[in-house]
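A.B. asks: What follows is a protein structure lacking sequence information:
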């Protein structure tokens, strides 16, 4: 019986393997950046839809109060010294503060923690999902495009989107007071723009219906 002849890799074959691995690594780096951005977009979109879900289940309309719209469930974006954080809450007592003792802050269904933080530190039982800068490198948040109803709508409605019990989007719910629906978004799509060091992504919210989706991802 003849012995088997063992064949080792040649230097040329080893070099080719290294070259191929280098090409694959170079192709994977941009994809990793897009994944982080996609993860951020998915997180915020989920939070927006959850805010609308809470509103659909909780009718905050109160015609006897001219401040009732402050109690609408809202998602708000805050900048704490350069760190962006979002909160989901209802101002049920109309004082514009989040009262944890009366459950004004929403609970993250993914982990049972608060969807609210008074600052950019995770030290009071907050959900880690709300920290946009720390998790995804978000450097700026703006809301463009949507318009409130009527001549008395707030000129500077702030960085929040609220929803009523029919799922309709509102802005400016913490500014002034009224018994009508002048804060409801009736014209133009609300576009939430999130900026990172590598680019931007946008989430759109339709007027009237409040339907939300990631721009260029209509099936999102």
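C.D. replies: Noted; the coordinates are in hand. Keep in mind that what you see is a predicted model, and the values were worked out from it rather than measured.
A.B. asks: Going along the chain, name the helices of the protein.
C.D. replies: 11-56, 132-136 (DSSP state H).
A.B. asks: In terms of mean pLDDT, which of these ranks lowest?
C.D. replies: Across the helices of the chain, helix 11-56 has the smallest mean pLDDT, namely a mean of 79.
A.B. asks: roughly how far apart are the residue nearest the centre of the chain and residue 62?
C.D. replies: Nearest residue to the geometric centre of the chain (Cα atoms, centre = their mean): residue 44, 2.3 Å. Distance from residue 44 to residue 62, counting by Cβ to Cβ, to the nearest Å: 29 Å. Placement of C-beta: from N, CA and C, glycine included.
A.B. asks: likewise residue 114?
C.D. replies: 25 Å.
A.B. asks: Mind checking which of these two has more residues around it?
C.D. replies: A direct count of neighbours by other Cβ atoms under 10 Å for residue 114 and residue 62 places residue 114 higher, at 21 against 13.
A.B. asks: Contact partners for residue 42?
C.D. replies: Shown in contact with residue 42 (Cβ atoms under 8 Å, 6 or more residues apart in numbering): 214, 220.
A.B. asks: ok, now residue 139?
C.D. replies: Shown in contact with residue 139 (Cβ under 8 Å, 6+ apart): 82, 84, 133, 195-197.
A.B. asks: Give me the contacts around stretch 213-220.
C.D. replies: Residues outside stretch 213-220 that contact it (Cβ under 8 Å, 6+ apart): 41-42, 45, 191, 201-204.
A.B. asks: First-to-last residue distance for it?
C.D. replies: The first residue of stretch 213-220 is 6 Å away from its last residue (Cα to Cα, to the nearest Å).
A.B. asks: Tell me the buried residues in it?
C.D. replies: Neighbour-count burial for stretch 213-220 flags 213-215 (criterion: 16 or more other Cβ atoms under 10 Å).
A.B. asks: do the same with stretch 80-96
C.D. replies: Neighbour counts over stretch 80-96 (16+ other Cβ under 10 Å) mark 83-92, 94 as buried.
A.B. asks: from the residues you listed, which single one is nearest residue 120?
C.D. replies: Set against residue 120, the nearest of the buried residues of stretch 80-96 by Cβ to Cβ is residue 83 (3.6 Å).
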